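Asker: show me the folded form of this:
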Amino acid sequence: MKEIAVTITILFTFLASFGYWYTVPYPQQQVAWIKALEPLPLTPETPETPRTPGALLDELDETTLIRAADDAEKPTLTVFNGAIGSITPGNLFYVNATDTDEDLQVMLSIVNSNELISNYSFLLLKVEVYVLSGSVWEEVNMPEQHISMKSPQVRFPLAGLSYYRISLSRGSFMGRLYSNDISRSPTFFLKVESRDNDTF
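Answerer: This next block holds a predicted model:
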């Protein structure tokens, strides 16, 4: 028995010397903001709390079409290595189409999907669109839209003469077990075109 124990000890020492001895890390946790890229400049001041729909409309003028949501409104996700999680719902963009009667084509994209592959086994997010009716946000009646790493773009039409909010209502993901950077999160970009494909 002593000979067997000595042999096993020597074997472990040999494997460790060649880098084969590996300890599974404890699960890491990271809270990350889901980012929304700003296509057009914002006003210099960034409020600490979300603005009301009326205040948002008051700040917009005819030259501002797309506004990224404030940080306090954006979705977040808490990632554990090797574990399934869900996002905290939130808003990504506002679209001001109140000054055009043309129908619009909207494309929402994840611009860093290639980077996310090394951090997530899967990522599936549900996109919802709301229209401002008076002082109330009402969900736009449209087919379900989901965006993921494998399908990082969704397209949908919006009617003119309205003000819209684009949000993530729910979503699930799984962080990779041995990912070194689980803080990486999706970054979104919004493109709006008129019916004749002229980008605003």
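Asker: could you tell me how far the closest residue to residue 139 other than its chain neighbours is located from residue 93?
Answerer: Excluding its sequence neighbours, the residue lying closest to residue 139 (Cβ to Cβ, 6 or more residues apart in numbering) is residue 130, at 5.5 Å. Yep, even glycine has a C-beta here, placed from its N, CA and C like the rest. According to Cβ to Cβ, to the nearest Å, residue 130 stands 11 Å off from residue 93.
Asker: can you tell me the element the residue nearest to residue 139 falls in?
Answerer: If you go by DSSP states H and E, residue 130 is part of strand 120-133.
Asker: so what does that strand touch, helix or strand wise?
Answerer: strand 136-139, strand 145-148, strand 153-158, strand 162-175 (3 or more Cβ pairs under 8 Å, 6 or more residues apart in numbering; DSSP states H and E).
Asker: so which bits of the first one are buried?
Answerer: Neighbour-count burial for strand 136-139, with 16 or more other Cβ atoms under 10 Å as criterion, is recorded at residue 137.
Asker: now it: mean pLDDT?
Answerer: For strand 136-139, the mean per-residue pLDDT is 96.
Asker: what is it packed up against?
Answerer: Right, strand 136-139 is packed against strand 120-133 by 3+ Cβ pairs under 8 Å, 6+ apart.
Asker: what strands flank the strand it packs on, and is each parallel or antiparallel?
Answerer: With DSSP bridges as the test, strand 120-133 is paired with strand 136-139 (antiparallel), strand 145-148 (antiparallel), strand 162-175 (antiparallel).
Asker: tell me the buried residues in the last one?
Answerer: Neighbour-count burial for strand 162-175, counted by 16+ other Cβ under 10 Å, picks out 162, 163, 164, 165, 166, 167, 168, 171, 173, 174, 175.
Asker: the fourth one and residue 66, how far apart?
Answerer: Spelled out, that is residue 165. From residue 165 to residue 66 the distance is 12 Å (Cβ to Cβ).
Asker: cool, the third one as well?
Answerer: Counting by Cβ to Cβ, the gap between residue 164 and residue 66 amounts to 10 Å.
Asker: now swap in the second one and tell me
Answerer: Note on residue 163: its distance to residue 66, by Cβ to Cβ, is 12 Å.
Asker: ditto for the last one
Answerer: With distances defined as Cβ to Cβ, the gap from residue 175 to residue 66 amounts to 30 Å.
Asker: same deal with the fifth one?
Answerer: Distance of residue 166 to residue 66, given as Cβ to Cβ: 9 Å.
Asker: and the closest residue to residue 170 other than its chain neighbours, how many neighbours does it have?
Answerer: Leaving aside its chain neighbours, residue 170 sits nearest to residue 126 (5.0 Å; criterion: Cβ to Cβ, 6+ apart). Other residues within reach of residue 126 by the criterion other Cβ atoms under 10 Å amount to 16.
Asker: same thing with residue 86?
Answerer: Count around residue 86 with other Cβ under 10 Å applied: 11.
Asker: then residue 154?
Answerer: Residue 154: 18 neighbours (other Cβ under 10 Å).
Asker: my guess is it meets residue 144, correct?
Answerer: No - applying Cβ atoms under 8 Å, one finds residue 154 not in contact with residue 144, separated by 9.9 Å.
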